[in-house]
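*Asks:* With the sequence up front, the predicted model follows.
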Amino acid sequence: MKLNDIRDNEGATQNRKRVGRGIGSGKGKTSGRGVKGQKSRSGVAINGFEGGQMPIYRRLPKRGFVNIFKKDFNIVSLGRLQTAVDAKKLDAKKTVDAAALLEAGVIRREKDGVRILSDGELKAKLKLEVAGASKSAIEKIEKAGGSIKITGAAAEAAE
């Protein structure tokens, strides 16, 4: 094979359909948009429009409250931490914080912090620095010989 023999597979690339270029092209005159009306013209955005009738998103009642200040935490169980330590992804000697968990692949992205829950067992002696933890998780961590430091807004609220 030579470099000048290299080609795309048959049918891998197609030419752009040029519309409005005469009746013989098959896409002339109205360019495949049909005839007249709002949708045949450019600059149309009619999502949710119901022809002048009150749209359903306005007819239905709105309920509840959305707290725009709500924190979105990464939830991590003690069992998941132990699995990461066993797999040598987390170093039990170093401080375990959001950055360490991200590097170890325990969490995908740093949200508003990490919250530890007590699912599973923890045997490793970990020094944790997280945004929050359940009471039972704190007990299990301290029972295993580790320590936990709550940082951020949760710590300020507790004081």
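*Replies:* Nice, I can see it. Numbering: from 1, shown residues only.
*Asks:* which residue ranges form the helices in this protein?
*Replies:* Secondary structure of the chain, counting by DSSP state H: helices at 56-59, 78-86, 98-104, 135-143, 153-158.
*Asks:* Which of those has the lowest mean pLDDT?
*Replies:* Set side by side, these give their lowest mean pLDDT on helix 153-158, at a mean of 61.
*Asks:* how close does the residue of the chain positioned farthest from its centre sit to residue 31?
*Replies:* Distance from the centre of the chain peaks at residue 24, with 48.4 Å (C-alpha atoms, centre = their mean). Plainly put, residue 24 is 14 Å away from residue 31 if you go by C-beta to C-beta, to the nearest Å. For the C-beta atoms, the positions are set from N, CA and C on the backbone; glycine is no exception.
*Asks:* ok, back up a step: quick check: pLDDT value at the residue farthest from the centre of the chain.
*Replies:* 90.
*Asks:* again with the one 10 residues further on
*Replies:* What the model reports as pLDDT for residue 34 is 90.
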